[in-house]
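>>> Pasting the sequence and the predicted model now:
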Amino acid sequence: EGKVAHFESRYHLTLLFMPPPDSQARAESALVDSDRENGKRDWRQELTRFHDETDRVLDLVSGFMPEVRALDDAETLTFLHGTISTRRHPVAVPQTPMYLDGVLVDTPLTGGLEPMLGEQHLRTLTILGFPNVTRPGILDALNHQDFAYRWVTRLIPLDKIEATKTLTKLRRQWFAKRKSIAAILREVVTNEPVPLVDSDAENKALDADAALQALGGDHVGFGYLTTTVTVWDEDRQAAEQKLRTVERIVNGLGFTSIRESVNAVEAWLGSLPGHVYANVRQPLVHTLNLAHLMPLSSVWAGPAQNEHLGKVTGTEAPPLLLAETSGSTPFRLSTHLGDVGHMLIVGPTGAGKSVLLSLMALQFRRYPGAQVYVFDKGNSARAATLAMGGEHHALGADGSFAFQPLRNIDDQGVRSWAAEWIAGLLAHENVAVTPEVKEAVWSALTSLATAPAQQRTLTGLSVLLQSNALKAALMPYTLDGPFGRLLDADDDQLALSDVQCFETEELMHRQGVVLPVLTYLFHRLEQRFDGRPTLLILDEAWVY
């Protein structure tokens, strides 16, 4: 409410492979026999190597992130086009092979201190410094903004040997800075150590030494990190305001950032896939910091389709409803995960759980042939049920309709269920259900099945039972007992339709009849579960 724009985040991991220099390739060819002619470099072999390494990375990532998948050719072109264009549309793979610049470029770039991409003003923020300690998802606040942006984290990794050389150089530089030249000369002349040193330089030297230890133990790797956030807008002031919003968030988390001006074009180019030389701002960090800074904590927006109901109905099945989460990310609520549709809604009193259940019931009717059955408490779903043209029944209320559970016992399957149901009533009345009792109940049900349908009642069953103990146990559920008006009718008024609601608040006040009524209703509902999309709602299910 009050918002007109919602945004869903998309994440792409781009891998760049830099082949070894020609000198290294020549040295390799001199030491290793190969099929190369005249020592020429085989670029196809380098491409195969790149494919192999890419597959290894994808297998590694998909092991803990199953949603990750490789883009096909059309998706790759669409992704690359989106990084250099303000127009958002899919890009098809041309049948005639051509260079990428002829396929992707459709928007001019205007350079300068305030570059423009087409009619959009580009503004880029680059992170320079970092807080003392990082945590996972430290930049998650960016995910809650109500405007579009490109958040790019570029890492140029160093191998262990190169990282060791770089860290050793840094440690040596900071260690040498602990004492000035004058202090060193004073030590030489007086042959006494200087009591005061630069504590900051000493701490940084120790920090570099700790980094070397972590690198040597293979706990982390190191690389040059470039983190940029690019915003755009047709209005110059609006673009500046978006940049200020991003800057306020980043600086508030303890980072040091800079609004790019002279380096604006280079910073934007450095955010494009494959550009590793543009944007010289490349602080050295280890891989744990990289994991904390990467955009991996956005709100999940839900599945675009309900695949299970799509298979059931044979049509496209959209999500149950669209909702708004924290920030500006929409959420697509679906009733199924795979073919499992179980759900649990929890929350404090008055938080809107019953309202959500009614909304879900209303929305579920969007699927062809859908059925909705609600066990309500407090008439919270009455309005929704009547609005859908359904039937609302108040169980246990004065003048409410009654059931005839034994009406169809002439059917063998129903009679078997009725025998178990009667056994449950007897057990509820503390009667031991022995084989003799089961035999007596089955014999009475078989005899009752030959009677007219109107006479197949609990009273009729009680008459056919020979045991006074069994008759006494069934008495509360006959017309002579307190629950007979609900369970001992001579006509079953329950005619199930596609939408029905059963109000159970009054029923819950009569504990002795809750179990028989609910088990009978669930039995009747099971007969309606024929493969069609069906939503069964239990409000305040803990009461049952």
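Great, that's in hand. Keep in mind the model is a prediction, meaning the values are calculated, not measured.
>>> And the contacts of stretch 82-94?
73-74, 77-78, 81, 103-107, 109, 117-120, 150, 232, 271-273 (Cβ atoms under 8 Å, 6 or more residues apart in numbering). The C-beta positions use only the backbone N, C-alpha and C, and glycine is treated the same way.
>>> Narrow those residues to those that are buried.
For those, a neighbour count by 16 or more other Cβ atoms under 10 Å gives the buried set as 77-78, 81, 104, 117-118, 120, 150, 232, 271.
>>> Redo those residues as TSV? Include distance to Val250, secondary structure and pLDDT.
Formatted as TSV, those follow (distance: Cβ to Cβ, whole Å; DSSP: H, G, I helix; E, B strand; the rest coil; pLDDT from 0 to 100):
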residue	distance to Val250	secondary structure	pLDDT
Leu77	32	helix	94
Thr78	29	helix	94
His81	28	helix	93
Leu104	30	helix	91
Leu117	22	strand	94
Gly118	26	coil	91
Gln120	22	strand	94
Arg150	15	strand	94
Trp232	18	strand	94
Ser271	15	coil	92
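>>> Kindly indicate which of these lies nearest Ser297.
Proximity to Ser297 was ranked across these by Cβ to Cβ; first place goes to Arg150, at 17.0 Å.
>>> these two touch, right, that closest one and Val246?
No - counting by Cβ atoms under 8 Å, Arg150 sits too far from Val246 to count as a contact (11.0 Å).
>>> anything in contact with each of these two?
Val229.
>>> how deep is Val189 tucked in, by neighbour count?
Residues lying near Val189 (other Cβ atoms under 10 Å) number 8.
>>> does Thr446 really touch Gln412, like I thought?
No - judged on Cβ under 8 Å, Thr446 makes no contact with Gln412 at a distance of 10.0 Å.
>>> Give me the more crowded residue out of the two.
Between Thr446 and Gln412, counting by other Cβ under 10 Å, Thr446 is the more crowded of the two (14 against 8).
>>> Tell me the spacing between that one and Leu464.
9 Å (Cβ to Cβ, to the nearest Å).
>>> outside of stretch 98-111, which residues touch it?
Applying Cβ under 8 Å, 6+ apart, the contact partners of stretch 98-111 are 77, 80-81, 84-87, 91, 94, 115-118, 265.
>>> can you give me the end-to-end distance of that stretch?
Counting by Cα to Cα, to the nearest Å, you get 27 Å between the two ends of stretch 98-111.
>>> same thing with stretch 258-276?
With Cα to Cα, one end of stretch 258-276 sits 20 Å from the other.
>>> Tell me which residues of that stretch come out buried.
Result for stretch 258-276 [16+ other Cβ under 10 Å]: buried residues 259-260, 263-271.
>>> rewinding a little: redo the buried ones among the contacts of stretch 82-94 as a markdown table? Include distance to Lys204.
Below are the buried ones among the contacts of stretch 82-94 laid out as a markdown table (distance: Cβ to Cβ, whole Å):
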| residue | distance to Lys204 |
| --- | --- |
| Leu77 | 46 |
| Thr78 | 45 |
| His81 | 44 |
| Leu104 | 44 |
| Leu117 | 40 |
| Gly118 | 45 |
| Gln120 | 41 |
| Arg150 | 33 |
| Trp232 | 38 |
| Ser271 | 30 |
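>>> which ones are touching Ile437?
Heads up, residue 437 is Val, not Ile. Each residue near Val437 by Cβ under 8 Å, 6+ apart is listed here: 423, 426, 431, 467, 470.
>>> secondary structure class for it?
What DSSP: H, G, I helix; E, B strand; the rest coil gives for Val437 is helix.
>>> same check, this time on Leu536
Three-state call for Leu536 (three-state DSSP): strand.
>>> And Asp101, by the same measure?
helix.
>>> And for Phe522?
helix.
>>> Tell me the pLDDT of it.
Model confidence at Phe522, given as pLDDT, is 90.
>>> Indicate each strand paired with the strand or helix carrying Thr126 and its parallel or antiparallel sense.
If you go by DSSP states H and E, Thr126 is part of strand 120-129. Strand 120-129 has its sheet partners listed here by DSSP bridges as strand 116-117 (antiparallel), strand 222-233 (antiparallel), strand 256-259 (antiparallel).
>>> Which stretch among the ones you listed is buried most, on average?
strand 222-233 (a mean of 22; mean count of other Cβ atoms under 10 Å).
>>> Using TSV, lay out the contacts of stretch 98-111 together with distance to Ala351.
Shown next, in TSV, are these (distance: Cβ to Cβ, whole Å):
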residue	distance to Ala351
Leu77	46
Leu80	45
His81	44
Ile84	46
Ser85	44
Thr86	42
Arg87	43
Val91	45
Pro94	54
Pro115	48
Met116	48
Leu117	45
Gly118	46
Val265	51
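>>> Specify which member of these is nearest to Thr313.
Closest to Thr313, out of all of the contacts of stretch 98-111 and judged by Cβ to Cβ, is Val91, at 32.8 Å.
>>> Can you dump the C-alpha atoms of stretch 429-438 in CSV for me?
Written as CSV, here are the backbone C-alpha positions of stretch 429-438 (Å, rounded to 0.1, in the frame of the first residue of the first chain):
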residue,chain,number,x,y,z
GLU,A,429,-16.9,-44.5,26.2
ASN,A,430,-14.3,-46.7,27.9
VAL,A,431,-15.6,-49.9,26.5
ALA,A,432,-12.9,-52.5,25.6
VAL,A,433,-13.1,-53.3,21.9
THR,A,434,-12.5,-57.0,22.0
PRO,A,435,-12.9,-59.4,19.0
GLU,A,436,-16.3,-60.4,20.4
VAL,A,437,-17.4,-56.7,20.5
LYS,A,438,-16.2,-56.2,16.9
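>>> Can you point out the buried residues in it?
Buried residues in stretch 429-438, counting neighbours by 16+ other Cβ under 10 Å, are found at 429, 431, 437.
>>> which element is the nearest residue to the first one once chain neighbours are set aside on?
Nearest residue to Glu429, sequence neighbours excluded (Cβ to Cβ, 6 or more residues apart in numbering): Ala473, at 4.1 Å. Per DSSP H and E: Ala473 is located in helix 468-474.
>>> Phe331 pairs with what?
Ala323.
>>> going forward, begin numbering at 852 instead of 1
Got it, first residue is 852 now, which makes that one Phe1182.
>>> Pull the contacting residues for it.
When contacts are counted by Cβ under 8 Å, 6+ apart, Phe1182 touches 1150-1153, 1173-1176.
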